[in-house]
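J.: here is my input; please provide its structure:
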Amino acid sequence: MTITIRSLERRLSSSTKLSPFASMQALRLSANAQPAVDPAKLKIVKRTLHVPPLDEIKTVFHEALSKNFAEVKVEIVDSPDLTEPPFHLATPGLSGRPTILDVGGISFYSNEIEKQKLYDIETLVKHLGYTKELLVIGAAHGPWPHLKKDSDVVVNTVLNKPKSAARSYGITVDETRGKIEFQALPLNETRFSVLGNLFLSEGKPGKVLKVFAKKRTGKDSFIFSMRRSIENRYGKKLVGIGGAFVIQKGSTLQYFPNLLNKPLAEGSRMRRVNSYYLYDSSPPQIAVGTFVSANTDLDLIPHHFHTFSDHKEGGHYLVDSSPETVEYLGYFTPGEVLYKVDQAPPGKAPAVPIPENY
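T.: Just a heads-up that it's a prediction; the model follows:
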């Protein structure tokens, strides 16, 4: 039987009541038939995070970044309107129920993409009790039923709001041309696969940490410097940070899985290293994601940021590749609670040919 949007609308408006999860999945059937996992069937663990005063985090960040960058400034400020350039986020601020969401894990990855587990941000956050307008930003593996191939996704969306101009972006590799393909996702495409590291908040203005760093002199990247600083300072007290930053100047090293070891076209800007493609992207790049002070028994991903840009370049942020000229500007805030959703079983993860301090 052929299912059309019109027939689905009739079915959903009939006397038969469907759950919110079933309704959303049904509306997507006309585009593709692969549903996301029902969040009610997933194991979810909630942890209350340690939330240090912003003044304290400010000092911790400054000390760590000063060891790796020539110029550093960390301030506590009122959040600017982050919907404006250069950030282009889905809401003006980062405040209001700040939450860290860590979903899935790398052992759910499969070379056969149709076997990769699918999640839906919209149904998941409603299951967690978030029903007001909600900013969701971060890094995840892509929605393969929509993009039809292995992919990453830059999540930048606002839920429970009638209209939004903000977009999430899918990132894939065109091996025949040897280049990254970057495309805006439909506003109703809120799925991802395998794993995701997301920051949630009501998107309200509020006090945030403004972090500026210029000219990298050490081995640690911008994000790794800050992540290691909270690891060293807070030990077993779990701290989670979410936010966005812009690489204003300097190129950025990105990577993308190449577990099938496919060759690249001659003259490609990309290069192969073991099971990954590496490539440089040009500024400005906007990055969104999270980092935590420890992976704990929940097997949390320590830090994960994806980037996007007006000039259709982006990917998984590793480190700047032009340390002499790089400039970062970011806004961050600590989360109050963390959810680990569907912790992956132990398994052999793909080897990552990247130094730990990236």
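
J.: who touches stretch 111-121?
T.: 21, 24-25, 34-37, 39, 103-104, 108-110, 136, 141, 143-145, 149-150, 155, 157, 159, 190-194, 196, 198, 259-260, 341-342 (Cβ atoms under 8 Å, 6 or more residues apart in numbering). No exception for glycine: its C-beta is placed from N, CA and C like everyone else's.

J.: dump it to CSV, restricted to CA.
T.: Extracted in CSV, the C-alpha atoms of stretch 111-121 (Å, rounded to 0.1, in the frame of the first residue of the first chain):
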residue,chain,number,x,y,z
ASN,A,111,30.1,0.0,7.9
GLU,A,112,26.6,-1.1,6.8
ILE,A,113,24.8,2.1,7.5
GLU,A,114,21.3,0.6,7.5
LYS,A,115,22.4,-1.2,10.7
GLN,A,116,23.3,2.0,12.5
LYS,A,117,20.9,2.8,15.4
LEU,A,118,18.7,5.9,14.8
TYR,A,119,17.7,8.4,17.5
ASP,A,120,15.3,11.3,17.3
ILE,A,121,16.2,14.5,19.2
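
J.: can you list the buried residues in that stretch?
T.: Buried residues in stretch 111-121, counting neighbours by 16 or more other Cβ atoms under 10 Å, are found at 113, 116-121.

J.: and if you look at stretch 295-314?
T.: Buried positions in stretch 295-314, judged by neighbour count with 16+ other Cβ under 10 Å: 298, 300-309, 313-314.

J.: nearest the geometric middle of this protein, what residue?
T.: The centroid of the chain falls nearest to residue 139 when counting by Cα atoms, centre = their mean (1.5 Å).

J.: for whichever strand or helix holds that residue, name the packing helices and strands.
T.: Following DSSP states H and E, one finds residue 139 within strand 134-141. Secondary-structure packing of strand 134-141 (3 or more Cβ pairs under 8 Å, 6 or more residues apart in numbering; DSSP states H and E): strand 99-104, helix 121-127, strand 152-159, strand 191-201, strand 240-249, strand 285-292, strand 303-308.

J.: repeat that for 6 Å
T.: Helices and strands touching strand 134-141, by 3 or more Cβ pairs under 6 Å, 6 or more residues apart in numbering; DSSP states H and E, are strand 152-159, strand 191-201, strand 285-292, strand 303-308.

J.: pairing partners for the last one, with directions?
T.: I take that to be strand 303-308. Strand 303-308 pairs in its sheet with strand 285-292 (antiparallel), strand 315-320 (antiparallel), by DSSP bridges.

J.: with just CA atoms, put that strand into CSV.
T.: The C-alpha coordinates for strand 303-308 follow below in CSV (Å, rounded to 0.1, in the frame of the first residue of the first chain):
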residue,chain,number,x,y,z
HIS,A,303,34.7,16.4,24.1
HIS,A,304,32.9,16.6,20.7
PHE,A,305,32.4,19.6,18.5
HIS,A,306,31.3,19.9,14.9
THR,A,307,31.7,23.0,12.7
PHE,A,308,29.7,24.7,10.0
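
J.: can you give me the offset of that strand from its chain's centre?
T.: Offset of strand 303-308 from its chain centre (Cα atoms, centre = their mean, to the nearest Å): 5 Å.

J.: residues near residue 176, how many?
T.: 11 (other Cβ atoms under 10 Å).

J.: so what pLDDT did it get?
T.: pLDDT recorded at residue 176 is 73.

J.: gap between it and residue 311?
T.: Per Cβ to Cβ, to the nearest Å, residue 176 is found 22 Å from residue 311.

J.: over to residue 70?
T.: Using Cβ to Cβ, residue 70 is found at 27 Å from residue 311.

J.: what is the neighbour count of residue 232?
T.: Residue 232: 12 neighbours (other Cβ under 10 Å).

J.: make that residue 34, sorry
T.: Based on other Cβ under 10 Å, the number of other residues close to residue 34 is 17.

J.: so it touches residue 145, yeah?
T.: Yes - with contact defined as Cβ atoms under 6 Å, residue 34 reaches residue 145; the gap is 4.2 Å.

J.: what's the closest of the strands paired with strand 303-308 to residue 238?
T.: Nearest to residue 238, of all these, is strand 285-292, at 6.7 Å by Cβ to Cβ.

J.: how far does that closest one sit from its chain's centre?
T.: The answer for strand 285-292 is 6 Å, by Cα atoms, centre = their mean.

J.: now it: mean pLDDT?
T.: Mean predicted confidence for strand 285-292 is 97.

J.: for it, C-alpha coordinates in CSV please.
T.: Extracted C-alpha coordinates of strand 285-292, given in CSV (Å, rounded to 0.1, in the frame of the first residue of the first chain):
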residue,chain,number,x,y,z
GLN,A,285,34.0,28.3,11.2
ILE,A,286,31.3,28.0,13.9
ALA,A,287,31.6,25.1,16.3
VAL,A,288,29.0,23.6,18.6
GLY,A,289,29.3,20.9,21.2
THR,A,290,30.1,19.8,24.7
PHE,A,291,32.9,18.7,26.9
VAL,A,292,33.0,16.9,30.3
